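# using only what follows, build the 3D model:
(one chain, ligands or ions: 2)
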Amino acid sequence: MGTRAEERESARQSAARLDAEGVGNVALTWVDNAGITRVKTVPARRLPDVAARGVGMSPVFDVFTSDDACTASDHLGGPDGDLRLFPDLERLTVLAAQPGWAWAPVDRYDQLGRPHPACQRLFARRMAERAAAAGLELRMGFETEWVVTRAPQGTAGPDALDYPCAGPAYGMARVVELSDYLRDVTEALTVQGVDVLQLHPEYAPGQFEVSTAPADPVRAADEVVLVRETVRAVSARHGLRAVFAPSVVAGEVGNGCHLHLSLHREGTSLHRAAGEEWALAPDAVAFLAGVLETLPALLAIGCPSPASYLRLQPSHWAGVYQCWGVENREAALRLVIGAPDDPDGGNAEVKTFDAAANPYLAVGAVIAAGLHGIDTAAVLPAPQTGDPGALGVRERARRGIVRLPATLTEAADRFEKSAPLREALGEVLHGAVLAVRRVEEAHFADRTPEEIAAATRGRW
Ligand code: GLU
Ligand code: MG
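Ligands and ions are numbered 1, 2, ... in the order given. Got it, this is the predicted structure:
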């Protein structure tokens, strides 16, 4: 980022470009600790001022919950204080499915221009820089899964699930039924500069998935926000509603938001060694071992809602056991093998995460866990094949396979005690995340799974 004066000048040029394209409004988004994308919008002509001085927003949103209640941590909460939102104009994007609108993600600073200690996007950047200081470059990408329903009308309550397609899981029939809609999704993303890798119908009724090309960690987090809001906007234009919540119907397969990552040093992938089908360089082993070891605590970041734990069931491809495996879709950490001629194809997938996660916290916390693995020379246990959920309790114990936290309470307890995550996030951000988790546990403590799914379905 340049000086504020330089930012003002480049914003002046951006505003002129937007004006020429008939774009009058800019949505400035950030994601709170409950995973909700919050926004302030400004007229495009105000961008130069906004780039120089920011836009005000209360720090209380750091302790907002997914149901719009607020709590407090040791450092945050209450009506006092203000922050300034500064857009990252390198990410300024004209929105294809919202004519007249553009979008940019923001970083949050205090009124004196100091970085806000609970800014999740600055945290993600700090962690990427920490990796770079260790000579490591990370490339990351999220998969976006969503369930599409008809927008509720007439007497149908807001929670009615009315699927606009009836075709089977992964079935071409679904693509035929919704071909205009799906074409518009990929077109809108492509026009916005998002590199779509693939789109397909998923397992659950009305469920689809789009995946996008890997990018640096902060960009990957920005992009999943943009993808989600684009899918939402295209859905609305088709009279449809996109549901990204972890659990759409309690007990059924839910929506994941898997995080793919690959490690590189001086431009060389650490996921492959010459002459072998696949191999991991020692730093990649230690990094992934650090992620695997920290996963119980990372769940408080990647699976942050009580609804997340409705999705996390064995044998649902959600990766609920703390193990890794080569191309094993029931392992929490799946090693993905690239095509033989693709030097960058190898990567690892954290399968357990869902779209209630703040993606900036997710990328930052995974990097922190991986770097901790390198610092402590962590080692990977033996890889697992097959579905650990299909093994008996004794066989799982014999293989040393442990279930990841099955409740938000358990994940939050692990997060509270995690020294590497506390250090990386800093007291203020760690405390705010924990406060939000604790109050969400309490809000939903007496509700049935069906009530939790219905109450959270429309939130993200
Ligand atoms: N929908 C599954 C989940 O909850 C994932 C299916 C897949 O492997 O893509 O994560
Ligand atoms: Mg999927």
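# next to ligand 1, which bits of the chain? Give me the list.
Within reach of ligand 1 by C-beta under 6 Å from any ligand atom, the chain has these residues: E145, E202, Y203, V253, G254, G256, R311, W317, A318, R329. Just so you know, the C-beta spots here come from the backbone N, C-alpha and C atoms, and that holds for glycine as well.
# between these, which is closest to W278?
Nearest to W278 among the residues of the chain next to ligand 1 is R329, at 16.8 Å by C-beta to C-beta.
# give me the number of residues near Y309?
Neighbours of Y309 under the rule other C-beta atoms under 10 Å: 24.
# now it: how far from A424?
Y309 sits 24 Å away from A424, taking C-beta to C-beta, to the nearest Å as the criterion.
# ok, now Q384?
On the measure of C-beta to C-beta, Q384 and A424 end up 28 Å apart.
# repeat for L226
Separation of L226 from A424 (C-beta to C-beta): 25 Å.
# show the contacting residues for the nearest residue to L240 once chain neighbours are set aside.
Spatially, and ignoring its direct neighbours in sequence, L240 is nearest to V148 (5.2 Å; C-beta to C-beta, 6 or more residues apart in numbering). By C-beta atoms under 8 Å, 6 or more residues apart in numbering, the contact list for V148 reads 163-165, 178, 181, 206-208, 235, 240-243.
# just confirm V148 is within a strand.
Yes. Assessed with DSSP: H, G, I helix; E, B strand; the rest coil, V148 lies in a strand.
# report the beta-bridge partners for it.
Per DSSP bridges, the residues bridged to V148 are A242.
# quick one: pLDDT of it?
Looking at V148, its pLDDT reads 97.
# give me the distance between it and ligand 1.
Using C-beta to the nearest ligand atom, to the nearest Å, V148 is found at 14 Å from ligand 1.
# rewinding a little: from the residues of the chain next to ligand 1, pick the one nearest ligand 1.
Checking those against ligand 1 by C-beta to the nearest ligand atom gives G256 as the nearest, at 2.3 Å.
# distance of L361 from A242?
With distances taken as C-beta to C-beta, L361 is found 22 Å from A242.
# what about those two, which has more around it?
Shown here are L361 and A242; by other C-beta under 10 Å, L361 has more neighbours (28 against 23).
# give me every residue that touches the more buried one.
Contacts for L361 (C-beta under 8 Å, 6+ apart) come out as N33, Q120, F123, A124, I301, L425, V433.
# and it, which of the three is it?
Secondary structure of L361, reduced to three states by three-state DSSP: helix.
# wait, what's in contact with V147?
L161, Y163, A204, P205, G206, Q207, F208, A242, V243, V248, N255.
# would you mind writing the ChimeraX command to select the buried ones in those?
Selecting only the buried entries of the contacts of V147 in ChimeraX, with 16 or more other C-beta atoms under 10 Å as the criterion:
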select :161,163,204,205,206,207,208,242,243,248,255
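# reformat the contacts of V147 as CSV; add secondary structure and pLDDT.
Listed next are the contacts of V147 as CSV, based on DSSP: H, G, I helix; E, B strand; the rest coil; pLDDT from 0 to 100:
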residue, secondary structure, pLDDT
L161, coil, 89
Y163, coil, 96
A204, coil, 97
P205, coil, 96
G206, coil, 97
Q207, strand, 98
F208, strand, 98
A242, strand, 97
V243, strand, 96
V248, coil, 96
N255, coil, 98
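# so which of the contacts of V147 is the closest to A286?
N255 (31.3 Å).
# give me the element the spatially closest residue to that closest one that is not a sequence neighbour is part of.
Sequence neighbours aside, E145 is the residue nearest to N255 in space, at 4.2 Å (criterion: C-beta to C-beta, 6+ apart). For E145, the enclosing helix or strand under DSSP states H and E is strand 137-150.
# buried sites along stretch 74-88?
Neighbour-count burial for stretch 74-88, counted by 16+ other C-beta under 10 Å, picks out H75, L76, G77, L83, R84, L85, F86, P87, D88.
# what's the answer for stretch 188-199, then?
For stretch 188-199, by 16+ other C-beta under 10 Å, it's A188, L189, Q192, V194, L199.
# report the two of the residues you listed separated the most.
Farthest apart among the buried residues of stretch 188-199 by C-beta to C-beta are Q192 and L199. That separation is 14.8 Å.
# neighbouring strands of the helix or strand of the chain with the lowest mean pLDDT in the sheet, and parallel or not?
Ranking every helix and strand in the chain by mean pLDDT, DSSP states H and E puts strand 268-269 at the bottom, with a mean of 89. Its sheet considered, strand 268-269 pairs with strand 259-265 (antiparallel) by DSSP bridges.
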